[in-house]
Structure formats: C-alpha cells, structure tokens
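In: One predicted model, sequence on top.
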Amino acid sequence: MEAFARLQAIVAELRERCPWDRAQTFESLAPLTWEEVAELLEAIEQRDPAGITEELGDVLLHVVFYARLAEEAGLTSLPQVVEQLIHKLIARHPHVYGQAEAHDAQTVLARWEALKQAEKQRSPLASVPERLPPLLKAYRLQEKAAALGFDWAKPQEMWPKLQEELAELQAALQKEDYPAAQTELGDVLFVLVNLARHLGLNPEQALEQTNRKFRQRFAWMEEALRKDHKDPRQCSLEELDSYWQASKAYYP
C-alpha cells in the first residue's frame, strides 16, 4: 500500500511538472494503453517473469493515470474506483461471500452474467465494448447470447451453416459483387468463431499462432533465397512455393 501511494504521488507530480504528462488526455492515452496491454499479453504468453513484472507496471501506470485524469475532471477518483470494484466482486460472488453454491466455473460465469444483467437492466450484449478487436468481439457477443440460451446445441450442427455461408461468399465473388462478398466473408468468419467457441478453442490464439508460423516460415524462406543469391521478386511463384514447402520442415 505504501508503494501504491507513492505511485499515485509520482503520477500527480508528473501531471504538475512534466510537459508531456501534463499534455496527456484520455484520448491521447488510449492507443498507448492498447499497446501496453498487448505487450503484457505477449510477456504472459512467453512466461517471461521480468517482462510480466515490467508490463504489469506499465498497465498499472495507465490505470493510475486515467484515475488521475478523471479526478482532475471531477468524474471520479481512485478510491471510488477501488470501492466500487470491491462491492462488485463481493456482490457477484455469492458462493464465496454468501450462501449460494457453485461447484464449477460455468455455474460461476452464468451467475455472474445473470447478476450483471439484473444490476444494469440492459441487454447482455450491451456490455461488450465496441472497441474490442472484431474477432474477440464476435466471440464475446456469441458468449453473451449463449448465456441466454440462444446458441447451437452441438458443434456438428454448425457445419451446414458454415457450408451455406461459404456458398454465399462464392456466389457473391462469381458475380464480382465485392460489397456483398465482404458481408458474406464476415458471416463466414462469425460462424468460424462460433465453431471455435463450441470446440473450446480460442480463435484469437489460433490466428496468432498461424501469424507467428507464417512469419517464421517467411523469414526462413527469405534467408534461404539470400543464401542462394536469389531475389524473391525475380522468382516464379512455383519457385517461391518450393522454398515455402521446404520451410515447413523447420516450422511445421
């Protein structure tokens, strides 16, 4: 608590004495916050203790900084933020702080959503932030709808729907109707995210894993071409593909 109070004091001092910190607003910090959260997630994924410590600190700094901006604007204060959070955690965990029972994570999640909906008196989908990345947003929207019973019973039932959406995408492309094709592509992706959720797979992690694999294979291909004194821009697609296929032995 002493260290946290010191952090608050430093942020307040920076707001008074540092030109850069004094110039910051909610809007100017928002892109930086996305970046810091991404760096934290990367450090967690790598199980990097030093990186996790540093990136947690950076995210915490943003939280304290936002609270300072809010206090200066008369919107709220850090003590109010903490008190409201404590109240919410206790209220939404009646199986810990009350007489309710919950023996698995799914029961806890369902009760959390029910309590949240009762508190806010609004659609569960309204709680999904608009600024979430689209892939994650699709996952959360489907998750919220499923909590109300609007969901597929089994993942196998979704295959015909996926085939239907792919056929509609193909039809739009054959007509060269690209606005419609974009809509149909969105539908295909939405079904794939839903399928991943039913299978217990994380679409964000799956896509990131493929992104990483693509980077690794492409880097290997570039290095192999360099060693063979070849310019990729002067190679045929067939020749490039032969290098690409070779890269799979190193990055399957």
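Out: Received the coordinates, thanks.
In: wait, what's in contact with the most centrally placed residue in the chain?
Out: Nearest to the geometric centre of the chain sits residue 136, at 5.1 Å (C-alpha atoms, centre = their mean). For residue 136, the contact set (C-beta atoms under 8 Å, 6 or more residues apart in numbering) comprises residue 204. For the C-beta atoms, the positions are set from N, CA and C on the backbone; glycine is no exception.
In: Swap in 10 Å and give it another go.
Out: Counting by C-beta atoms under 10 Å, 6 or more residues apart in numbering, residue 136 makes contact with 128, 129, 193, 202, 203, 204.
In: Excluding chain neighbours, what is closest to residue 56?
Out: residue 40 (6.3 Å; C-beta to C-beta, 6 or more residues apart in numbering).
In: hang on, isn't the one you found packed against residue 61?
Out: No: look at residue 40 against residue 61 with C-beta atoms under 10 Å: they stay out of range, at 11.6 Å.
In: And the two? Which one has more around it.
Out: residue 40 (19 against 16; other C-beta atoms under 10 Å).
In: What lies in contact with the helix or strand harbouring the more buried one?
Out: Using DSSP states H and E, residue 40 sits in helix 26-45. Residues from elsewhere that reach helix 26-45 (C-beta under 10 Å, 6+ apart): 20, 24, 48-63, 65-66, 69-70, 73, 75, 131, 133, 204-205, 208, 212.
In: Following element in sequence after it, please.
Out: Downstream of helix 26-45, the first helix or strand assigned by DSSP H and E is helix 49-72.
In: Give me the angle between the helix or strand that that following helix is followed by and helix 49-72.
Out: As assigned by DSSP H and E, the chain's next helix or strand after helix 49-72 is helix 78-91. Taking axes from the mean of the first three to the mean of the last three C-alpha atoms, to 10 degrees, one finds helix 78-91 and helix 49-72 inclined to each other by 110 degrees.
In: got the contact list for the residue lying closest to residue 232 once chain neighbours are set aside?
Out: Excluding its sequence neighbours, the residue lying closest to residue 232 (C-beta to C-beta, 6+ apart) is residue 225, at 5.4 Å. Going by C-beta under 10 Å, 6+ apart, residue 225 touches 231, 232, 234, 235, 239, 240, 243.
In: What subset of those residues is buried?
Out: For those, a neighbour count by 16 or more other C-beta atoms under 10 Å gives the buried set as residue 243.
In: Among the contacts of residue 225, name the ones in helices.
Out: Among the contacts of residue 225, the residues falling in helices (DSSP state H) are 239, 240, 243.
In: Would you mind measuring from the residue nearest to the second one when sequence neighbours are not counted to residue 244?
Out: What that stands for is residue 240. Excluding the flanking residues, the one nearest residue 240 by C-beta to C-beta, 6+ apart is residue 232, at 6.2 Å. From residue 232 across to residue 244, the span is 11 Å (C-beta to C-beta, to the nearest Å).
In: so what's in contact with those two at the same time?
Out: The contact sets of residue 232 and residue 244 overlap at 218, 221 (C-beta under 10 Å, 6+ apart).
In: Who are the contact partners of the residue lying closest to residue 97 once chain neighbours are set aside?
Out: In this structure, residue 97 finds its nearest non-sequential neighbour in residue 90, 4.8 Å apart by C-beta to C-beta, 6+ apart. Neighbour list for residue 90: 96, 97, 98 [criterion: C-beta under 10 Å, 6+ apart].
In: mind checking pLDDT for residue 90?
Out: As predicted, residue 90 sits at a pLDDT of 93.
In: buried set for the strand or helix carrying the residue nearest to residue 232?
Out: Using DSSP H and E, the element containing residue 225 is helix 203-227. Within helix 203-227, the residues that qualify as buried are 203, 217, 220, 221, 224, 225, counting by 16+ other C-beta under 10 Å.
In: Tell me the gap between it and the middle of its chain.
Out: How far helix 203-227 lies from its chain's middle: 21 Å, per C-alpha atoms, centre = their mean, to the nearest Å.
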